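Asker: no letters, just coordinates:
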């Protein structure tokens, strides 16, 4: 582990200086990072062979009770602007850009809410008459974000109401998906006294209560206080200096007083919280939340990530082979490490009468890892699985954009290979040590009734 820790510290140090320019030889792309303003990062990924490009603007703001307000902002910004006053005008413009597409995303990274607006288009070399399609698409993106269509200094009432309805429907769909609902409820219960317990979309009641005045105020607060990441992933022939200059022109009159938020890491659980609910589904949902003993996002990360994968992260893992396949206790059973909060979730779909058996079997397999009852082949299988997953990041501009966007919280922009190299150095003893740091914090059981004839996944 010494070698990987040394590499980590060196790369993190590099990430905190004014610029990085690193070369990924195996995946054939170059990543560059610069600070171009106060809490404003500009990341460019130049890859060989891509036929499309992706540019995005991400805003990171601390999670709060205003989550619903902020979650509405990306959607309403992509409806119109001063230059594109209606969706029709915007769609016509995108059509002239060879069918460029705009998308939005709201995520939770640690105890921060990240709002992302992205635009994807063809690469410049496929455009007619040497057009700078990528830069023109970025201009559309900046226009939407920094010059929204206001009436009397506020968002339009009908557009606000329309987006409220759509966001409430999105959150309602997540509640209806019992697998997602159970995971979200576990996080809400486990982190009830922590900001992480807040849903990234807020609540339906909060969404319905939003006014145009409040939304306009939240938008201005976002531009003022959020950390900003401008990311461009494209073929190496695309000139990005013009994109940076264009962004600075659009953002130059924006008042900036960025706020910082440090995610709270709880190292261990003092006792176990148990909550049960019922729902009209045949298949019960058992979710277990564990504290990983982490003081921060870098604390023994590689060993803990491998441990989580050996436990339940791939088809060769303990939970899959033993609890699901050999014991037939679960329809699905897997573990997932949430590094940005230092916790691990185990999600499973079970027959409700098997709750105790499934819970005990899951805990037994964790104890087996703590005792070292797994093979070097198990360890190698997890390393290979993670290596393949991390290498797939270079499959598309969108995947690369997403990869670097998820690192916005600490501006520690690292290549997938950097993590792969860390994983290679993890030993069986490291995994055993990491497992012994794990404590069970919360158990949430969504018990199915017999009202539904078919099982839900």
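Answerer: Arrived safely. Because the structure is predicted, anything quoted here is derived from the model rather than measured. Numbers count the residues shown, from 1 in each chain.

Asker: so residue 174 sits right up against residue 182, yeah?
Answerer: No: at 10.9 Å, residue 174 and residue 182 do not qualify as touching, with contact defined as C-beta atoms under 8 Å. (Glycine included, C-beta is placed from N, CA and C.)

Asker: and the two? Which one has more around it.
Answerer: residue 182 (23 against 16; other C-beta atoms under 10 Å).

Asker: mind checking the SS state of that one?
Answerer: helix (DSSP: H, G, I helix; E, B strand; the rest coil).

Asker: repeat for the one 10 residues further on
Answerer: Counting by three-state DSSP, the backbone at residue 192 sits in coil.

Asker: and it, how far from residue 71?
Answerer: From residue 192 across to residue 71, the span is 20 Å (C-beta to C-beta, to the nearest Å).

Asker: ok, those two, which is more surrounded?
Answerer: residue 71 (25 against 11).

Asker: and the next element down the chain from the one helix or strand that one maps to?
Answerer: Assessed by DSSP states H and E, residue 71 sits inside helix 67-77. Note on helix 67-77: by DSSP H and E, the next helix or strand toward the C-terminus is helix 87-96.

Asker: buried set for that following helix?
Answerer: For helix 87-96, a neighbour-count test (16 or more other C-beta atoms under 10 Å) marks 90, 93-94 as buried.

Asker: could you dump the residues you listed to TSV with pLDDT?
Answerer: As requested, the buried residues of helix 87-96 are exported to TSV (pLDDT from 0 to 100):
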residue	pLDDT
90	97
93	97
94	97
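
Asker: specify the local secondary structure of residue 233.
Answerer: Going by three-state DSSP, the secondary structure assigned to residue 233 is strand.

Asker: neighbouring contacts of the helix holding residue 71?
Answerer: 61, 104-106, 113, 115-117, 144-145, 148, 155, 159-160, 163-164, 166-167, 198-203, 206-207, 210, 214-215, 218-219, 222 (C-beta atoms under 8 Å, 6 or more residues apart in numbering).

Asker: hmm, try it at 7 Å
Answerer: 61, 104, 106, 113, 115-117, 144-145, 148, 155, 159-160, 163-164, 166-167, 198-203, 206-207, 210, 214-215, 218-219, 222 (C-beta atoms under 7 Å, 6 or more residues apart in numbering).

Asker: hmm, which of those residues are the buried ones?
Answerer: 61, 104, 106, 113, 115-117, 144-145, 148, 155, 159-160, 163-164, 167, 198-202, 206-207, 210, 214-215, 218-219, 222.

Asker: in helices, which of the residues you listed fall?
Answerer: 144-145, 159-160, 163-164, 167, 206-207, 214-215, 218-219, 222 (DSSP state H).

Asker: tell me which of these is nearest to residue 315?
Answerer: Taking C-beta to C-beta as the measure, residue 315 lies nearest residue 167 of those, at 35.9 Å.

Asker: surely that closest one meets residue 210?
Answerer: No: under the criterion of C-beta atoms under 7 Å, residue 167 makes no contact with residue 210, lying 9.0 Å away.

Asker: picking up where we left off before, could I get the ones in helices among the buried ones among the contacts of helix 67-77 as JSON lines with distance to residue 234 and pLDDT?
Answerer: Listed next are these as JSON lines, based on distance: C-beta to C-beta, whole Å; pLDDT from 0 to 100:
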{"residue": "144", "distance to residue 234": "20", "pLDDT": "98"}
{"residue": "145", "distance to residue 234": "19", "pLDDT": "98"}
{"residue": "159", "distance to residue 234": "31", "pLDDT": "96"}
{"residue": "160", "distance to residue 234": "34", "pLDDT": "97"}
{"residue": "163", "distance to residue 234": "30", "pLDDT": "97"}
{"residue": "164", "distance to residue 234": "35", "pLDDT": "98"}
{"residue": "167", "distance to residue 234": "31", "pLDDT": "98"}
{"residue": "206", "distance to residue 234": "38", "pLDDT": "98"}
{"residue": "207", "distance to residue 234": "35", "pLDDT": "98"}
{"residue": "214", "distance to residue 234": "37", "pLDDT": "98"}
{"residue": "215", "distance to residue 234": "33", "pLDDT": "98"}
{"residue": "218", "distance to residue 234": "32", "pLDDT": "98"}
{"residue": "219", "distance to residue 234": "28", "pLDDT": "98"}
{"residue": "222", "distance to residue 234": "26", "pLDDT": "98"}
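
Asker: got a markdown table for these, with distance to residue 349 too?
Answerer: Putting these into a markdown table (distance: C-beta to C-beta, whole Å) gives the following:
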| residue | distance to residue 349 |
| --- | --- |
| 144 | 40 |
| 145 | 40 |
| 159 | 39 |
| 160 | 38 |
| 163 | 33 |
| 164 | 33 |
| 167 | 28 |
| 206 | 30 |
| 207 | 29 |
| 214 | 39 |
| 215 | 38 |
| 218 | 37 |
| 219 | 40 |
| 222 | 38 |
